[in-house]
Every structure is written in C-alpha cells, then in structure tokens.
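Undergrad: coords please:
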Amino acid sequence: MKTHYQILIIGGGTAGIMAGAQLLKKNRSLSIGLIEPADTHYYQPAWTLVGAGTYSYEKTARPMKEVMPDGLDWIQDYAASFDPSAHAVNTRASGTITYDYLIVCPGLVMEPSMIEGLEESLGKGVVCSNYTDPEHTYEVMQNFKGGNALFTQPTTPIKCGGAPQKIAYLAADNFRRRKIDAEVIFATPGSVIFGVKKVANTLHQVIDRYGMHFRPFYAPIKIDAENRRAHFRYVKGDENQCVVNEDNKLGEKLTAEGSNTVEIPFDMLHIAPPQAAPRFIRESGLVNDAGWLDVDHQTLQHNHHGNVFGLGDVAGLPTAKTGAAIRKQVPIVVDNILRLIEHQSIGPMAYNGYSSCPLVTGYGKMVLAEFDYQQNFLPDPKLKQMLIKDSSKEHWRLWMLKKYGLPYLYWNKMLKGEAV
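TA: Next comes the predicted model:
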C-alpha cells in the first residue's frame with residue numbers, strides 16, 4: 001500500500017467524493033488517496049422525506065465502492081490524528097500516510113450526550129430524529145394519536161439548519177390530513193424562524209396556516225422521556241420572559257418561580273441532536289476556538305497550514321452546513337490546489353458563503369432559500385426555466401425538484417465531478 005500521496009482526502013461524504021472526482025477530471029495523473037471507513041454512502045437530504053413517509057430509505061443509500069471516483073486509492077480506514085508539520089495523517093490500521101496537500105472533509109458527528117437524557121432516549125419510544133433514524137420518525141408520526149407534537153434543535157451548529165422545522169411542517173400537514181387533534185410546537189434557540197427575511201415572511205404564513213406554536217429563544221437542556229417532558233432554557237440575553245410564553249393549552253410552564261427554564265410536555269418529540277466536528281478533529285491543532293476546522297472563509301485554506309484545506313460540515317464557516325454549500329466550495333479548493341501544484345500560489349476564486357436550504361412546507365410544497373454570508377437572498381437564475389418566478393414562495397415545482405431533480409443531480413452529476 002502507498003504511504004504518500006500528492007493529495008490526501010479525509011472523508012468519503014459529499015465533499016470528499018466531489019473533490020476527488022473534480023481533481024481527476026482536471027488531471028488524471030494526480031496521485032490521490034481518500035480515507036473513508038464506511039461501506040455505504042448516503043444521500044442524507046432525502047431523510048426529511050423518508051421521515052414523512054414519502055421517500056424510500058433504501059433509495060438514499062449506495063455502496064461506497066460505487067461512488068468512489070476511478071483513479072484514486074480508497075483507503076478504507078479511520079483517520080486518527082494529524083502531524084501537519086510532517087504533512088502526515090495517522091490512521092487506525094494503515095499506519096502513517098503523508099501528503100503534499102490535504103483536504104479535510106470528514107463531516108460532523110452526533111453528540112446527543114450534550115443534552116441531558118437525550119442519549120438514552122433518542123430513537124426509542126416517541127423520541128425520534130431524522131438525523132439518526134428517519135424511518136423511526138415516520139413510525140412515531142403514524143402512531144401519534146394527538147396531543148403535543150414537539151420539534152426542536154440544539155444550540156450547536158447542525159447540518160441542514162432548516163431540517164428540524166421541515167419535518168414539523170410535514171407532520172402538521174400529515175396530522176391535518178388524518179384529522180388528528182395536534183398541537184404542533186417548534187422550539188428553537190434562534191431568534192427568528194429563518195435568517196433570510198423574505199423566506200421568513202413565507203414561513204410565518206406557513207406557521208399560521210397550520211396553527212403551529214413558534215417558540216424562539218428556547219434551547220433544549222434536558223429530555224425526560226419517561227415523563228415525556230422537554231426542558232428548555234430561555235436564552236434571550238439575561239431576561240426572564242418565559243412567563244410570556246406559558247401556555248395552559250400546551251401544558252407549558254416555568255420549572256420554578258423566577259426561573260429562566262421552562263418545560264413542555266410532549267406526546268411525540270423530534271429533535272436534532274447536538275453536533276460537533278469528529279473527535280480526532282477537535283483534538284487536533286487544526287481547529288478554531290469553537291472546535292471546527294480553522295479555514296479562511298473565502299479560500300477555504302487552513303489559516304496556519306498552507307497545504308491544508310477544509311470542505312463541508314467540518315469547516316468553521318459562518319454559513320449553513322449543506323450539500324449545496326459544498327457544491328460551491330469544492331471548485332474553489334480544487335482550483336487552489338492545482339494552482340499551488342503548478343504555480344506555488346492560490347488563485348482569485350473566493351467562496352461567498354453560498355448555501356441553500358430546500359424548506360419543505362407540506363406534502364407537495366416547498367420554498368428554496370439560497371443565500372450568502374450576509375443572508376442575501378440569491379435565487380438561482382435557472383429556476384426561471386422551471387417557471388418559478390419567486391422561490392421564496394411555496395411552489396409544487398420546487399417539491400418536484402427536491403424529490404426527483406436534486407437526487408438525480410447528486411448521484412449522476414455532483415458525485416461524478418461535473419459542474420451543476
């Protein structure tokens with residue numbers, strides 16, 4: 001087995017496969033190794049639809065060997081640690097592998113232990129998550145007979161920041177169609193329903209349509225699955241304003257007089273677990289103060305090691321962690337590495353923070369939020385070809401794009417290294 005590569009990639013998710021494929025399209029003679037332990041590659045954006053019973057989980061999975069680009073070496077192993085001064089990565093079973101250039105893109109990991117009680121309850125009974133088991137989510141949703149359906153998310157960054165509210169909208173639609181008497185609650189530590197104002201305006205209309213209860217500034221701190229109670233800390237500065245949201249209809253109440261914590265009983269709970277960079281990344285010298293890979297926000301080059309680049313969910317970038325973001329990031333890293341190989345300097349390409357969140361708002365309806373670092377709304381001009389004048393509004397054609405168009409583009413274009 002080779003122990004040195006011109007380019008070494010850590011991670012066989014969207015970013016790693018795309019980067020490998022695009023590099024080889026530009027130059028077939030490159031020596032590239034890719035470290036990835038998993039046997040299966042998942043198209044995770046469809047897990048929201050799986051959780052709503054409108055997409056097959058099996059269709060989201062493909063054998064890793066089928067998506068691995070021809071022309072690179074797949075090292076089926078775990079990266080364990082870094083020695084950037086020696087340009088080396090230590091693996092669990094394959095020894096030390098050195099590189100000229102390194103692309104770090106192992107994604108992120110679920111850390112349910114960061115919320116008291118979540119680790120023990122996640123995926124059991126009425127506590128579910130599309131992030132870990134979307135089929136269980138659908139089972140919980142179908143078995144729901146009424147009462148409080150609570151949807152929430154953690155204070156950490158998460159992949160696809162809109163996913164926790166998408167399943168709330170789909171559940172509200174599902175319950176309405178089945179004539180189930182439900183109180184649907186979306187509780188988030190954030191201050192707004194969505195950061196792009198034009199999109200947020202539409203989402204507030206969706207919330208009103210379903211009669212949902214929106215709870216901003218609610219950070220989950222404890223899940224009591226046995227008694228079906230979720231505990232939240234109110235995080236709007238030092239204010240204690242929980243009392244304004246006490247709702248007898250929901251059974252919502254302050255946990256103690258003068259407290260800034262509140263509890264909400266639930267009959268089903270969907271939660272996005274807290275998420276973090278993988279442990280071997282967090283314990284390396286390559287991270288910023290928040291524990292994410294420390295890269296330049298425009299060039300994606302590491303801030304202290306010029307031959308190291310970061311992509312995707314692991315990167316410390318102030319934008320949403322999505323496959324759409326990766327689609328815009330990969331060409332910049334590919335161009336920079338090829339220029340370094342040929343000219344010893346990076347090029348002028350700059351990542352503007354583009355990300356995209358397909359916000360499913362019901363069965364057959366979707367809003368497409370595309371935005372940059374400044375939260376500017378940036379709809380793709382190609383949407384006009386689909387007869388979509390304003391993607392900040394709900395449209396059935398956007399639903400078709402989500403369910404059929406994007407999976408096709410993912411498997412047949414993005415992972416093959418083609419520009420989309």
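Undergrad: quick check: domain ranges of this structure?
TA: As given by automatic domain parsing, the domain ranges for the chain are 4-108+277-355+403-416, 111-274.
Undergrad: Turn these into CSV, columns for mean neighbour count.
TA: From N, CA and C alone the C-beta is placed, and that goes for glycine too. CSV is the format used below for the domains of the chain (neighbours: other CB atoms under 10 Å):
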stretch, mean neighbour count
domain 4-108+277-355+403-416, 19
domain 111-274, 19
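Undergrad: could those domains go into a markdown table alongside mean pLDDT and distance to D380?
TA: Listed next are the domains of the chain as a markdown table, based on pLDDT from 0 to 100; distance: least, CB to CB, whole Å:
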| stretch | mean pLDDT | distance to D380 |
| --- | --- | --- |
| domain 4-108+277-355+403-416 | 98 | 10 |
| domain 111-274 | 93 | 14 |
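Undergrad: Dead centre of the protein: give me the residue that sits there.
TA: K159 (1.5 Å; CA atoms, centre = their mean).
Undergrad: what's the closest non-adjacent residue to it?
TA: K321 (4.6 Å; CB to CB, 6 or more residues apart in numbering).
Undergrad: give the contact list for that neighbour.
TA: Counting by CB atoms under 8 Å, 6 or more residues apart in numbering, K321 makes contact with 108, 157-161, 312-313, 355.
Undergrad: And for V184?
TA: 149, 151, 168, 171-172, 175, 210-213 are the contacts of V184 under CB under 8 Å, 6+ apart.
Undergrad: Who is it paired with across the strands?
TA: In this entry, V184 is beta-bridged to A149, by DSSP bridges.
Undergrad: Look up phi and psi at the residue nearest to Y78 when sequence neighbours are not counted.
TA: Excluding its sequence neighbours, the residue lying closest to Y78 (CB to CB, 6+ apart) is R92, at 4.4 Å. Per-residue torsions, R92: phi -70, psi -40 (degrees, to the nearest 10).
Undergrad: Tell me the spacing between R92 and V295.
TA: Look at R92 and V295: by CB to CB, to the nearest Å, they are 25 Å apart.
Undergrad: Also Q374?
TA: 19 Å.
Undergrad: likewise T40?
TA: With CB to CB as the criterion, T40 and V295 are 28 Å apart.
Undergrad: same deal with I97?
TA: In terms of CB to CB, I97 sits 21 Å off from V295.
Undergrad: Run through the strands of the stretch 201-350 of the chain in chain order.
TA: With DSSP state E, counting those that start in this stretch as the criterion, the stretch 201-350 of the chain has strands at 213-215, 218-224, 229-234, 253-254, 261-265, 268-271, 275-276, 308-310.
Undergrad: export those strands to TSV and tack on distance to V50?
TA: What follows is the strands of the stretch 201-350 of the chain, written out as TSV (distance: least, CB to CB, whole Å):
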stretch	distance to V50
strand 213-215	25
strand 218-224	23
strand 229-234	24
strand 253-254	34
strand 261-265	26
strand 268-271	13
strand 275-276	19
strand 308-310	29
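Undergrad: Select, out of those, the one closest to D77.
TA: Across the strands of the stretch 201-350 of the chain, D77 has its closest neighbour in strand 308-310 (19.3 Å, CB to CB).
Undergrad: same for the closest one, what does it pack against?
TA: Applying 3 or more CB pairs under 8 Å, 6 or more residues apart in numbering; DSSP states H and E, we find strand 308-310 packed against strand 96-104, helix 323-343.
Undergrad: Could you double-check that K222 sits in contact with V262?
TA: No - between K222 and V262 there is no contact under CB atoms under 8 Å: 11.3 Å.
Undergrad: residues shared between the contacts of these two?
TA: H231.
Undergrad: what's around the closest residue to V206 other than its chain neighbours, how many residues?
TA: Setting aside the residues directly before and after it, V206 is nearest to T361 in space (CB to CB, 6+ apart), at 4.7 Å. By the measure other CB atoms under 10 Å, the count of residues near T361 is 27.
Undergrad: who's in contact with T361?
TA: 166, 169, 202-203, 206, 367, 394.
Undergrad: those strands in the stretch 1-150 of the chain, which residues are they?
TA: Going by DSSP E, counting those that start in this stretch, the stretch 1-150 of the chain shows strands at 4-10, 32-35, 40-42, 61-63, 73-75, 79-83, 88-91, 96-104, 109-110, 127-128, 147-152.
Undergrad: Compare the domains of the chain and report which one is nearest to L378.
TA: domain 4-108+277-355+403-416 (6.7 Å).
Undergrad: Distance from the closest one to the middle of the chain?
TA: 14 Å (CA atoms, centre = their mean, to the nearest Å).
Undergrad: correct me, but P265 touches H231?
TA: No - counting by CB under 8 Å, P265 sits too far from H231 to count as a contact (10.8 Å).
Undergrad: Is the residue nearest to Y78 in contact with S81, as I believe?
TA: No - here R92 lies out of contact with S81, judged by CB under 8 Å, at a distance of 9.8 Å.
Undergrad: what's near enough to touch H213?
TA: Per CB under 8 Å, 6+ apart, neighbours of H213: 183-186, 247, 250.
Undergrad: I should have written I223 there, sorry.
TA: So I223 contacts 115-118, 121, 127, 229-231, 269, 271 (CB under 8 Å, 6+ apart).
Undergrad: Kindly reformat these as TSV containing distance to L383.
TA: What follows is those, written out as TSV (distance: CB to CB, whole Å):
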residue	distance to L383
I115	38
E116	43
G117	43
L118	38
S121	41
V127	37
R229	43
A230	38
H231	42
L269	35
I271	32
